[in-house]
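> Here is my input, please return the structure:
(chains A and B)
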Amino acid sequence: MLSLILILIAAVFFTGVIIRVKSMSSGRKGPGILQPVFDVVRLFKKGVVYSETTSFIFQIAPTIYFSSVVMVMLVVPFGQSKGVLSFDGDFIFFAYILALGKFFSIISAMDTGSSFEGMGASREALYSMFAEPAFFILMGSLALLTGHTSFHEMFAALHIGSYISYALAILGTFVLMMVAMIENSRMPIDDPKTHLELTMVHEVMILDNSGFDLGLILTAGYLKFAIYGALVVNLFIGMFPYHYSIPMFFVIQFVLASGVGLIESFMARFRMSHNAQFIFVLTSVSLLIFFGALLILGKFV
Amino acid sequence: MNYTTIVNNQTIPVSAIPEMGYEEFIDLNTGFLTDSPEKHCVNYFGYPFGSRVKLICCIADDSTHQIQVSSCTVKSDDQLDSFTARNFNFEKFEREIHENFGVAYKNHPWLKPVRYAKNRFDKSQTIANYPFFAIESDELHEVGVGPIHAGIIEPGHFRFICNGEQILHLEIQLGYQHRGIEQQFLEKKKLLQRTTLAESIAGDTVVGHTTAFSHVWESLCGIKASHDMEYARTIALELERMAVHTGDLSAVCTDIAYQLGSSVFGRLRTPIINFMQEWGGNRLSKGLIRPGRNQFPFTPELAHRLAEILDIYEPDFLEMNEQLFQLPSALSRFERTGVVSYEDVLSIGTVGMAARMSGLNRDVRSSHPFSLYSELNHEPIIKHHGDVYSRVQIRRQEVRQSMQYIRNLIANVPEISGNEPVLGSLNPNSFTLSLVEGWRGEICHCAITDGQGELALYKVKDPSFHNWLALALAVRNNEISDFPICNKSFNLSYAGHDL
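Predicted coordinates for the structure are as follows:
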């Protein structure tokens, strides 16, 4: 329950911090931290316009996408406090419920019949497919290391004590953050600010969504970032008492958001054909974690 | 000799242009271009001549600084051999002649509408039923972009034929910005109206087009602009080049999602155009240049002010370039993206940056000098790879070069001559051609007067007219997601093409 509340609070600020860091690093003042929240509140007050060429898929997809994100939010634990749902194998539930939401957003983009949205859908499907092994090898290694298969038990059993487990946590952070960037279509995979449909991945898929539906999709994006941030926090806090772990949660979330902002300010987006290579690199980093886990367990002679 | 030779901004009687049969005409002009990379067609147009159509072809020779003009009259329903079948330089020009006068070409490979001019020959052809090239295949898909631009700059339609993410073919259909500029030059009788028209040909090349117009007008009146007028025009041209190149660098950074470059270059453009405001009262230099007048003389105070601005501009510009050209992620987007080979740019006759990027030396400032450029000894900046990187580098170096020229020029500001020449009436039955190197490339204005000294024809050619085809070639076999950066690295004008 605690994790749910913390994630909601973090989600309110996360995107605002990214935008603010980007503004400041280009010498502008930037909007308030809460501006993304105001934006979705404004969208929630609006009606929805549906294209005549779309079917019911297009109308239900944003809701399914949003609810998939809310569902995965429920399984994320916080240190010794369980998530609202916790069961063996919940990390598989986590990944595939997100995939379900993504599947619906992809077919809803195809539903519009626009050639842009078809391209965006194919890119998004490709990148998610490539990112999946990275996530599963990471989580599988942690399961192997700890002998548990639910998020809560895995993270609770994860002791940061030896140098090698620090290394694993840092590599894990890198993989999780990069998966979060891919899932949220941020730089260096995708440019969320561009106005050019031909270069977009995620943005182009939601071109036809408006009003309330668009608000749902944006909110889901804010939540997703905070959820991945919470997973990263879990790698570090272990069994720390709350008066350490809760401030740590916010500090780590803030550092991650600023990091995203800085990356987006000081580098260019990858060439589209290099994205696939880059995402595969994440899988190899996950494999390093896997070998690290084997090393700790003494499976290597 | 069956052609006449003129230099830039020279007025000759129309009767001095030799007329010949079509067979001889086609042999002569395509013969000029055979194996001579120093020559290209600056303008080839038709105009009504009684019941017939008179074709005038102007071939510029960059090595001798001369322009060779020849003419021929044909009937509008003639079936003619096309120049294009022998040399692609004439491709757009023949399409224009076909569109305006219905001249049929037997073997033109791509006889499609150019811009759906208001006074076109065949009014049944409309922009809604443009004959797009199509490939029948289950593996390929078409992506149509526009006519509304994603960044709502100007309208144009782009039709891609793609194999997955890879572009096989791009067809660019323009004409949405057509305003009938050339026709309006004849209809508007006041000089001020005509000057304002010249300013509106392409909003980003105000100085370039107005300078070309002024040169045409002054030459037709038989006067020569005073030194201080040409001085102001030269400075304005170089300032315009700096401002637009800096803005383009910003836009290229935006397209590769490099925020720092985008905002720094964007900020650096502002002091330059703000200086134009200080000088002439308009940030886009409208109203600054007038035929036969020095409307806003360049004073020593302005020179001092400009020197201050450049001193602040230069270090920031250089530092940002250092950053951009060392950033691996940016270089990986620039290099080997959107390549056009030397052979291709030569065969389609591109001009300006779109030629210099691939090792083809096309720069009117050195090949057909005008204003004060003969004193500046301009050395064109040439790159050889023909990719986005070359185009971006040309911008970076041309800004520095322009800055140097401006510094040299403002070191001694000339006296204002004061006694402005009186613009009389135009010489009757005359032909004038003016070439100006705008920031985008070669601008060509041609005018012909009738027996009463009234304009009978005004012909405008913006560099975009040639260069759009280079963009279509550049994106072939590239990823479709790299199209925006290719497009921006050319930054061609829709309005300048559509007129």
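> Every contact and neighbour count from this point should use C-alpha atoms.
Noted.
> Where does pLDDT dip in the stretch 151-300 of chain A?
Along the stretch 151-300 of chain A, the parts satisfying pLDDT under 70 run over A:159-162.
> Near chain B, which residues of it are found?
Within the stretch 151-300 of chain A, the positions lying close to chain B (C-alpha under 8 Å from any C-alpha of the partner chain) are A:191, A:193-200, A:264-273.
> show me where chain B has strands.
Per DSSP state E, chain B carries strands over the ranges B:4-6, B:11-13, B:39-49, B:52-61, B:66-74, B:79-80, B:104-105, B:141-145, B:157-163, B:166-173, B:430-437, B:442-449, B:455-461.
> Next, the buried residues of the third one.
This points to strand B:39-49. By neighbour count on 16 or more other C-alpha atoms under 10 Å in any protein chain shown, the buried set for strand B:39-49 is B:39, B:40, B:41, B:42, B:43, B:44, B:45, B:46, B:47, B:48.
> Give me the distance between it and the centre of its chain.
Taking C-alpha atoms, centre = their mean, to the nearest Å, the mean C-alpha location of strand B:39-49 is offset from the chain mean by 15 Å.
> Taking strand B:442-449 as reference, get the angle to it.
Going by axes from the mean of the first three to the mean of the last three C-alpha atoms, to 10 degrees, strand B:39-49 is angled at 30 degrees with respect to strand B:442-449.
> Also the fourth one?
Orientation note: strand B:52-61 sits at an angle of 140 degrees relative to strand B:442-449 (the same axes, to 10 degrees).
> For strand B:52-61, name the packing helices and strands.
Applying 3 or more C-alpha pairs under 8 Å, 6 or more residues apart in numbering or on different chains; DSSP states H and E, we find strand B:52-61 packed against helix B:22-33, strand B:39-49, strand B:66-74.
> Dump these to TSV, plus mean pLDDT and distance to residue B:407.
As requested, these are arranged in TSV below (pLDDT from 0 to 100; distance: least, C-alpha to C-alpha, whole Å):
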stretch	mean pLDDT	distance to residue B:407
helix B:22-33	87	38
strand B:39-49	90	31
strand B:66-74	90	30
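> quick revisit: now, the most widely separated pair of the buried residues of strand B:39-49?
B:39 and B:48 (27.3 Å; C-alpha to C-alpha).
> coming back round to it: residue A:104: which of the helices and strands packed on strand B:52-61 is closest?
strand B:39-49 (55.4 Å).
> list the helices and strands that closest one packs on?
Other helices and strands packing on strand B:39-49, by 3+ C-alpha pairs under 8 Å, 6+ apart, are helix B:22-33, strand B:52-61, helix B:91-101.
> My guess is residue A:120 contacts residue A:207. True?
No. The pair residue A:120 / residue A:207 is not scored as a contact, 10.2 Å apart, by C-alpha atoms under 8 Å.
> the more surrounded of these two?
Taking neighbours as other C-alpha atoms under 10 Å in any protein chain shown, residue A:120 and residue A:207 compare with residue A:120 leading, 25 against 15.
> my guess is that one is in a helix, correct?
Yes. Using DSSP: H, G, I helix; E, B strand; the rest coil, the assignment for residue A:120 is a helix.
> And the pLDDT at it?
Looking at residue A:120, its pLDDT reads 89.
> mind listing what it touches?
Each residue near residue A:120 by C-alpha atoms under 8 Å, 6 or more residues apart in numbering or on different chains is listed here: A:200, A:201, A:202, A:203, A:204, A:205.
> same check, this time on residue A:51
By C-alpha under 8 Å, 6+ apart, the contact set of residue A:51 is A:112, A:208.
> Relative to residue A:229, how far out is residue A:216?
Using C-alpha to C-alpha, to the nearest Å, residue A:216 is found at 20 Å from residue A:229.
> So these two - more neighbours on which side?
Taking other C-alpha under 10 Å, residue A:216 and residue A:229 do not tie; residue A:229 has more neighbours (27 against 22).
> That one touches residue A:255, doesn't it?
No. At 9.8 Å, residue A:229 does not count as touching residue A:255 under the criterion of C-alpha under 8 Å.
> right, and residue B:232 touches residue B:297 too?
Yes. Between residue B:232 and residue B:297 there is a contact at 6.9 Å, judged by C-alpha under 8 Å.
> Of the residues of the stretch 151-300 of chain A next to chain B, which belong to helices?
Counting by DSSP state H, these place A:264, A:265, A:266, A:272, A:273 in helices.
> between the residues you listed, which has the most around it?
Neighbour max across these (other C-alpha under 10 Å) = residue A:264, 26 neighbours.
> Tell me which of the strands of chain B sits most buried.
strand B:430-437 (a mean of 26; mean count of other C-alpha atoms under 10 Å in any protein chain shown).
> If I take it and strand B:455-461, what angle do their directions form?
Using the same axes, to 10 degrees: strand B:430-437 against strand B:455-461 is 20 degrees.
> Could you list the paired strands of strand B:430-437 along with their orientation?
strand B:11-13 (antiparallel), strand B:442-449 (antiparallel) (DSSP bridges).
> Make JSON lines out of those strands and add mean pLDDT.
Shown next, in JSON lines, are these (pLDDT from 0 to 100):
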{"stretch": "strand B:11-13", "mean pLDDT": "90"}
{"stretch": "strand B:442-449", "mean pLDDT": "92"}
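> Any chance of TSV for those strands, columns distance to residue B:147?
Shown next, in TSV, are the strands paired with strand B:430-437 (distance: least, C-alpha to C-alpha, whole Å):
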stretch	distance to residue B:147
strand B:11-13	40
strand B:442-449	25
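> among those strands, which is nearest residue A:80?
strand B:442-449 (71.7 Å).
> Give me the residues contacting the closest one.
B:14, B:42-43, B:208-209, B:212-213, B:216, B:351-352, B:363-364, B:426-437, B:455-463.
> Report the two of the ones in helices among the residues of the stretch 151-300 of chain A next to chain B separated the most.
Once C-alpha to C-alpha is applied, those give A:265 and A:273 as the farthest pair, at 21.5 Å.
> The closest residue in space to residue B:163 that isn't next to it in sequence: what's it in contact with?
Spatially, and ignoring its direct neighbours in sequence, residue B:163 is nearest to residue B:140 (4.9 Å; C-alpha to C-alpha, 6 or more residues apart in numbering or on different chains). Residue B:140 sits next to B:161, B:162, B:163, B:164 when contact means C-alpha under 8 Å, 6+ apart.
> what's the distance between the residue of the stretch 151-300 of chain B found nearest chain A and residue A:266?
Nearest residue of the stretch 151-300 of chain B to chain A, counting by C-alpha to the nearest C-alpha: residue B:258, 4.4 Å away. Spatial separation of residue B:258 from residue A:266 under the definition C-alpha to C-alpha is 6 Å.
> Okay, and the beta partners of the nearest residue to residue B:433 once chain neighbours are set aside?
Nearest residue to residue B:433, sequence neighbours excluded (C-alpha to C-alpha, 6+ apart): residue B:446, at 4.4 Å. Per DSSP bridges, the residues bridged to residue B:446 are residue B:433, residue B:459.
> center of chain A - which residue?
residue A:180 (3.1 Å; C-alpha atoms, centre = their mean).
> shouldn't it be in contact with residue A:230?
No. Between residue A:180 and residue A:230 there is no contact under C-alpha under 8 Å: 11.1 Å.
> Sounds good, over and out.
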